[in-house]
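Undergrad: need coordinates for the following:
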Amino acid sequence: WICQDAFRDTGISEIALPDSLEHIGNSAFSGCKLTEIRIPARVNEIDEGNSFLAGNDSLAKIEVDSGNKNFKVYGGALYAYENATKLAQNIPCRLVAYATAHPDTSVRVLAGTKTIDSYTFARMDDSKPSKHSITELILPSTLTAIEPYTIDLPSLKTLEIPDGVKALDSYAVCCEHLEVLTIGSGLQSFTPYAFGANGLPKLRSLTIASGNPNLCAVDSVVYDKACTKLIYYPPAKTDTVYHMPDTVQEVGAGGITFIDSLQEVFISKALTKLPANSMSSNPYLRAVYFPGNAQGGYSTAALDDSSEDLLIYILKDSTGWDTNGWQNMNYAYWDPKDNAVKEGTLSCGISWAYEAGMGRLTLTGIGQAMPDYTINEEKPWQIFADDIQSVVTKNVSKIGNYTFSQAKNLRRVDADAALTEIGIYAFYGCPELLFFNNFTSLTTINSYAFSDDAKLESSLLLNRLKVMGNGVFQNFASVPFATLGPDCTMLGNYAFA
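TA: Residues are numbered from 1 along each chain as shown. Reported below is the predicted structural model:
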């Protein structure tokens, strides 16, 4: 008898098991440095749970003595059998261990296998690279569950969960480069934590068999069958905007997390539950649109670790946003019923489009500068200037003089790397301006460009700046964090006064 954890993490590289051995405990040789192992003929039981050979990264060969009636090796895998008949038919009931250093890159788990011991295809220490070279893993229809820490194969890009699998335990599948996942008709429940802490960071496509009575996937997003609960949003899905179906009443914990591409989310009209960590750790999420009142089931911790310039868009007549921590968020207004879009072209060829429902003005060029305006000169969007809440510039090199001066409801400016210059008084007197993204591309900021913008929160990362005029950031309630690069040759009077 070898007890549980008997040789765990001892570092042994060789062992000869006695012929009298009958029982091997859970994790008996975990974390060792074995290169091969022989299972004697009398061994009739190997404990289920964590594989007894987990973490032996150099293990290339597992052997079983010919007289053993309970275990057999196929390829690099050690299987357990219910009886001699099943052994003769090569129909196992359980996959006990796999030789990590076995040369096969394609592994087909034998039909009949119902369970796979934890760590069979996974590393024990996440801080170390996996030694598995498997690029294809084919699971049998007889499999009923995937235990915690079972599949962690860094070279695996596609995986099919067969119809027989009813449960995926936490950390069951943690393949960091998995891109495509197919789930069969038998899975009864689902949690994002089945995919580890970061939820399969490369996963871009997920499908669920149409016959599954418990779950569905719409455009790779997982919901319960009735589409009332959002369960999982694939991290590598490339959409920048997500419109939640109006049937969704709840977003589960971990449901929309670690999504680098996601910038805007439109919340369901039926949503009543948005718990902590349900939409967290989305670094570029800049806007969330709520179509009704704040609900008691909404937690501000749902949005932890989102972009620092996150804006919450609400209806003007909605209520409840001044309590339970929501009063500390930054807000803008939207009207989902107003789909009007107004468009035009400036004299320089830059096109503009105004989306009335969300107060967004987008300027699109081919690298040219906007024209300069005078203090009283009307701009093409003058009639709705007071309604502009955000400005987006695309391939525009300069925002002209006075362009958005005294835009009283402007909250945010999103500029790409083409923008290098801000004209005089361009954003002067914008009392609600909170965020200006991409200060880093600017080389010239002319006088009073952001003067009297007392609420501006964006860090002033002016690494490429060469010239800053007079009073650029004058009359701020508090100057945000600022850095200047080595090329700055002119810093005007009262620039930060």
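Undergrad: quick one: stretch 81-92 to chain centroid distance?
TA: Distance of stretch 81-92 from its chain centroid, counting by CA atoms, centre = their mean, to the nearest Å, is 43 Å.
Undergrad: so what touches that stretch?
TA: The contact list for stretch 81-92 (CB atoms under 8 Å, 6 or more residues apart in numbering) reads 69-72, 74, 79-80, 93, 110-113. For the C-beta atoms, the positions are set from N, CA and C on the backbone; glycine is no exception.
Undergrad: pull the most distant pair out of those.
TA: 69 and 111 (20.1 Å; CB to CB).
Undergrad: tell me the pLDDT of the residue sitting nearest the centre point of the chain.
TA: Nearest to the geometric centre of the chain sits residue 258, at 2.1 Å (CA atoms, centre = their mean). pLDDT recorded at residue 258 is 93.
Undergrad: wait, it touches residue 202, no?
TA: No - the pair residue 258 / residue 202 is not scored as a contact, 11.1 Å apart, by CB atoms under 8 Å.
Undergrad: any shared contact partners between those two?
TA: residue 235.
Undergrad: circling back: any of the contacts of stretch 81-92 buried? List them.
TA: 70-72, 79-80, 110, 112-113 (16 or more other CB atoms under 10 Å).
Undergrad: nearest to residue 193 among those?
TA: Among the buried ones among the contacts of stretch 81-92, and counting by CB to CB, the member closest to residue 193 is residue 113, at 24.2 Å.
Undergrad: can you map out the strands along the stretch 201-350 of the chain?
TA: Taking DSSP state E, counting those that start in this stretch as the test, the strands found in the stretch 201-350 of the chain are 205-208, 215-218, 221-224, 229-232, 241-243, 250-251, 264-266, 273-274, 287-289, 297-298, 311-314, 331-333, 341-345.
Undergrad: between the ones you listed, which gets nearest to residue 322?
TA: strand 331-333 (10.0 Å).
Undergrad: partners of the closest one in the sheet?
TA: Applying DSSP bridges to the sheet, strand 331-333 is found paired with strand 311-314 (parallel).
Undergrad: please save the CA atoms from the strand it pairs with in PDB.
TA: Taking only C-alpha atoms (Å, rounded to 0.1, in the frame of the first residue of the first chain), the coordinates of strand 311-314 have been written out as PDB:
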ATOM      1  CA  LEU A 311     -19.200  56.700 -18.400                       C
ATOM      2  CA  ILE A 312     -22.600  55.400 -17.300                       C
ATOM      3  CA  TYR A 313     -25.300  56.500 -19.800                       C
ATOM      4  CA  ILE A 314     -28.700  56.800 -18.200                       C
END
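Undergrad: what sits up against that strand?
TA: 286-290, 321, 326, 329-334, 358, 390, 411-412, 434-435.
Undergrad: give me the buried subset of these.
TA: 286-290, 321, 326, 330-334, 358, 390, 411-412, 434-435.
Undergrad: might one say that residue 354 is in contact with residue 388?
TA: Yes - if you go by CB under 8 Å, residue 354 and residue 388 touch, sitting 7.4 Å apart.
Undergrad: list the residues that contact both of these two?
TA: Contacts common to residue 354 and residue 388, judged by CB under 8 Å, 6+ apart, are 360-361, 381.
Undergrad: so which of those residues wins on neighbours?
TA: residue 361 (24 neighbours; other CB atoms under 10 Å).
Undergrad: just to revisit the earlier point, let's see which of the contacts of stretch 81-92 end up in strands.
TA: Among the contacts of stretch 81-92, the residues falling in strands (DSSP state E) are 71-72, 74, 79-80.
Undergrad: tell me how far residue 282 lies from residue 212.
TA: 27 Å (CB to CB, to the nearest Å).
Undergrad: pick out whichever of the two has more residues nearby.
TA: Of the pair residue 282 and residue 212, residue 282 is the one with more neighbours under other CB under 10 Å, namely 25 against 18.
Undergrad: and the pLDDT at the more buried one?
TA: For residue 282, the predicted pLDDT is 95.
Undergrad: and residue 395, by the same measure?
TA: On the pLDDT scale, residue 395 gets 98.
Undergrad: over to residue 460?
TA: 89.
Undergrad: the nearest residue to it once chain neighbours are set aside: what's it in contact with?
TA: Excluding the flanking residues, the one nearest residue 460 by CB to CB, 6 or more residues apart in numbering is residue 482, at 3.7 Å. Residue 482 makes contact with 459-462, 496 under the criterion CB under 8 Å, 6+ apart.
Undergrad: redo those residues as JSON lines? Include distance to residue 338 and neighbour count.
TA: Listed next are the contacts of residue 482 as JSON lines, based on distance: CB to CB, whole Å; neighbours: other CB atoms under 10 Å:
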{"residue": "459", "distance to residue 338": "33", "neighbour count": "14"}
{"residue": "460", "distance to residue 338": "35", "neighbour count": "22"}
{"residue": "461", "distance to residue 338": "35", "neighbour count": "18"}
{"residue": "462", "distance to residue 338": "37", "neighbour count": "21"}
{"residue": "496", "distance to residue 338": "39", "neighbour count": "15"}
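Undergrad: so which pair among these is furthest apart in space?
TA: Maximum distance among those (CB to CB): 14.6 Å, for 461 and 496.
Undergrad: the stretch 51-200 of the chain: helices as residue ranges?
TA: 84-89 (DSSP state H, counting those that start in this stretch).
Undergrad: picking that back up, what about the residue nearest to residue 460, distance to residue 154?
TA: For residue 482, the distance to residue 154 - CB to CB - is 42 Å.
Undergrad: now residue 65
TA: Applying CB to CB to residue 65 and residue 154 gives a distance of 33 Å.
Undergrad: what residues does stretch 239-252 touch?
TA: Stretch 239-252 is touched from outside by 191-192, 218, 221, 223, 226-233, 256, 261-275, 278-279, 297, 302, with contacts defined as CB under 8 Å, 6+ apart.
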